[in-house]
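Trainee: Fold the following.
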Amino acid sequence: MRPLIIGLSLVAFGSTAPQLTVSLQAAYQGAPDVAVGSVIGSNIFNVLVILGLAALIIPLRVSRQLVRLDIPLMIAASGLVYLLASNGLLGRFEGVVLLLGLLGYLLMLWHQSRHYARTYPAPSVQSAGGRFWTGVALQTLLGFGLLSVAGHLLLEASVEVATDLGLSERIIGLTVVAVCTSLPELAAALIAALRGEREIAVGTVIGSNLFNLLAVLGLTAVVAPEPLSISPNALAFDLPVMLGVAALCLPVFYSGYRITRAEGVVFLCLYLAYGLHVVTFTTGLPLAGRLERLMLFYVLPVLGFALLYTTLRAWRRQH
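Mentor: Now for the predicted structure:
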């Protein structure tokens, strides 16, 4: 299989498993803000922090497939979740729509892997014995069991911390739970970057975001006893930020088909500003208004102008 497809599928699915267990348990325990907030926060963290840190290690090469197909799909999936959640609920119907989108994405990856295998056939190797597959199955079951226990402990601890500190479950989901469930993606991307597997590093993040939106939210909405409620703050701020971060990838990746160290620093600074805004807004500090005005009237316009300039320059070079 092509390294990019491995990152988009196998590595992304494996690293998303903690997110799935936490979201399912949160939905069953009556904490929908944690279930939804952790997905939103994880997607923002994946792009801004994981890609930012990986780019600091080594500038990340971005394939044309990501720019032309997978990133637009991530933006479309983010927009679809925003549209489906606009009424304040994610029910079984919305969950089925997201799972159908996941099925289409998996079929596309399967088609790409078969095409790549026909174009670059792998050398024939002796088929693995029964003991190998038995060991793999046992390791998988053991891993999912440990994930379930760890997800339960993480969820209980997060809700208890939120109660003691007077924080909402939405904030805990956006920050603590999102960061903790994104640690596998962080480890996979950084290890891939250190080994020079740049396509796997980038593919893991994009694929993980797609699985979070389509698989985690879709399955959670389908099996949850009640529709997942979306808080007004999530509709007004968190979901637009997630959609904006997804859209940010397109011009950044298109200009040069790579993520430079400077762009990695910008990603990390944007996440720092987002985290500060969430904390200051939640605690009622006056810094929240100043930070919001700084971002709206200075930082974002300058960033938008720079992205527009680099995108137009890249388009002229390619045409």
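
Trainee: so which helix or strand takes in L300?
Mentor: L300 belongs to helix 300-318 when assigned by DSSP states H and E.

Trainee: distance of the closest residue to T280 other than its chain neighbours from R316?
Mentor: In space, and not counting its chain neighbours, T280 is closest to A288: 3.9 Å by CB to CB, 6 or more residues apart in numbering. From N, CA and C alone the C-beta is placed, and that goes for glycine too. Using CB to CB, to the nearest Å, A288 is found at 40 Å from R316.

Trainee: quick one, which of these two is more surrounded?
Mentor: Between A288 and R316, A288 has the larger neighbour count (other CB atoms under 10 Å), namely 17 against 8.

Trainee: residues in contact with that one?
Mentor: When contacts are counted by CB atoms under 8 Å, 6 or more residues apart in numbering, A288 touches H277, T280, F281.

Trainee: Looking at these, which are in helices?
Mentor: The members of the contacts of A288 that map onto helices under DSSP state H are H277, T280, F281.

Trainee: circling back to that earlier point, surely the residue nearest to T280 forms part of a helix?
Mentor: Yes: assessed with DSSP: H, G, I helix; E, B strand; the rest coil, A288 lies in a helix.

Trainee: F13 reaches F211, doesn't it?
Mentor: Yes: with contact defined as CB atoms under 8 Å, F13 reaches F211; the gap is 5.8 Å.

Trainee: how many other residues sit next to H277?
Mentor: Residues near H277, counting by other CB under 10 Å: 18.

Trainee: Quickly find the element holding the residue nearest to it when sequence neighbours are not counted.
Mentor: Once flanking residues are discounted, H277 sits nearest to L291: 5.4 Å by CB to CB, 6+ apart. Assigned by DSSP H and E, L291 falls within helix 287-294.

Trainee: And V222, by the same measure?
Mentor: Following DSSP H and E, one finds V222 within helix 217-223.

Trainee: what's that helix packed up against?
Mentor: Applying 3 or more CB pairs under 8 Å, 6 or more residues apart in numbering; DSSP states H and E, one finds that helix 217-223 contacts helix 12-28, helix 32-45, helix 92-119, strand 228-229.

Trainee: which stretches of the stretch 1-150 of the chain have low pLDDT?
Mentor: Within the stretch 1-150 of the chain, the ranges that satisfy pLDDT under 70 run 1-12, 15, 115-133, 136-137, 140-141, 143-150.

Trainee: residues contacting the residue nearest to H277?
Mentor: With contact set as CB under 8 Å, 6+ apart, L291 has these partners: A273, L276, H277, T280.

Trainee: For PyMOL, what selects the buried ones among these?
Mentor: With 16 or more other CB atoms under 10 Å as the criterion, this PyMOL line picks the buried residues out of the contacts of L291:
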select buried, resi 273+277+280
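
Trainee: Residues in contact with stretch 260-269: which ones?
Mentor: Stretch 260-269 has contacts (CB under 8 Å, 6+ apart) with 47-49, 51-56, 59, 252, 259, 303.

Trainee: Now do the same contact list for F93.
Mentor: Listed by CB under 8 Å, 6+ apart, the contact set of F93 is empty.

Trainee: mind checking how far the helix holding L291 is from the chain centre?
Mentor: Relative to its chain's centre, helix 287-294 lies at 26 Å (CA atoms, centre = their mean, to the nearest Å).

Trainee: pretty sure E292 contacts T280?
Mentor: No: look at E292 against T280 with CB under 8 Å: they stay out of range, at 9.1 Å.

Trainee: I'd like to know which of the contacts of stretch 260-269 are buried.
Mentor: V47, L48, V49, L51, G52, L53, A54, A55, L56, P59, V252, I259.

Trainee: quick one: which of the residues you listed sit in helices?
Mentor: Per DSSP H, helices hold the following members of those: L51, G52, L53, A54, A55, L56, V252.

Trainee: for those residues, which one is nearest V36?
Mentor: Set against V36, the nearest of those by CB to CB is L51 (22.8 Å).

Trainee: show me what contacts that closest one?
Mentor: Contacts of L51 (CB under 8 Å, 6+ apart): L60, A189, A201, V202, V205, I259, G264, F267.
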